[in-house]
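K.L.:
Fold the stuff below for me.
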Amino acid sequence: MFHIVINDCDNMKLQGVRVSTSRQSPNTDNIHMQLSSRVTIMDTQIMIRDNCVSVSPGATNLWIENVACGPSHGLK
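P.N.:
Numbers count the residues shown, from 1 in each chain. Okay, here's the model as predicted:
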């Protein structure tokens, strides 16, 4: 399960996003990228229980800056 999926995108910018879940929330990734290129994620706060940002095959030329994660596994 994912909160945000970036799929088959080119030249996309995600900025200023705030996501939080309760302690009872299932173990989900927040932002998941796949088959996308030139994706920027910046100035974002992610408060979830699993991976803040996960990257699958086919995701290239990524820029991740000033992303606060916790209490999670961070980037995967």
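
K.L.:
Who does the closest residue in space to Ser56 that isn't next to it in sequence form a beta bridge with?
P.N.:
Distances taken as CB to CB, 6 or more residues apart in numbering place Gln34 nearest to Ser56, at 4.0 Å, with adjacent residues excluded. Just so you know, the C-beta spots here come from the backbone N, C-alpha and C atoms, and that holds for glycine as well. On the basis of DSSP bridges, Gln34 takes part in beta bridges with Asn7.

K.L.:
Can you verify my assumption that Gln34 contacts Phe2?
P.N.:
No. Applying CB atoms under 8 Å, one finds Gln34 not in contact with Phe2, separated by 9.9 Å.

K.L.:
Convert the helix or strand harbouring Ile31 to PDB, retaining C-alpha atoms only.
P.N.:
Here Ile31, judged by DSSP states H and E, is contained in strand 29-34. Extracted in PDB, the C-alpha atoms of strand 29-34 (Å, rounded to 0.1, in the frame of the first residue of the first chain):
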ATOM      1  CA  ASP A  29       5.100   3.400   2.100                       C
ATOM      2  CA  ASN A  30       4.400   7.100   1.600                       C
ATOM      3  CA  ILE A  31       5.800   8.200  -1.800                       C
ATOM      4  CA  HIS A  32       6.500   5.400  -4.200                       C
ATOM      5  CA  MET A  33       8.200   6.100  -7.600                       C
ATOM      6  CA  GLN A  34       8.300   3.800 -10.500                       C
END
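
K.L.:
which residues sit against it?
P.N.:
Contacts to strand 29-34, defined as CB atoms under 8 Å, 6 or more residues apart in numbering, come from residues 1-8, 14, 17, 19, 39, 41, 44, 46, 48, 50-59, 62, 72, 76.

K.L.:
Give me the buried subset of these.
P.N.:
Among these, the ones that count as buried by 16 or more other CB atoms under 10 Å are 2-4, 6, 14, 17, 39, 41, 44, 46, 48, 50-55, 59, 62, 72.

K.L.:
mind listing which of these are in helices?
P.N.:
Using DSSP state H, no member of the buried ones among the contacts of strand 29-34 sits in helices.
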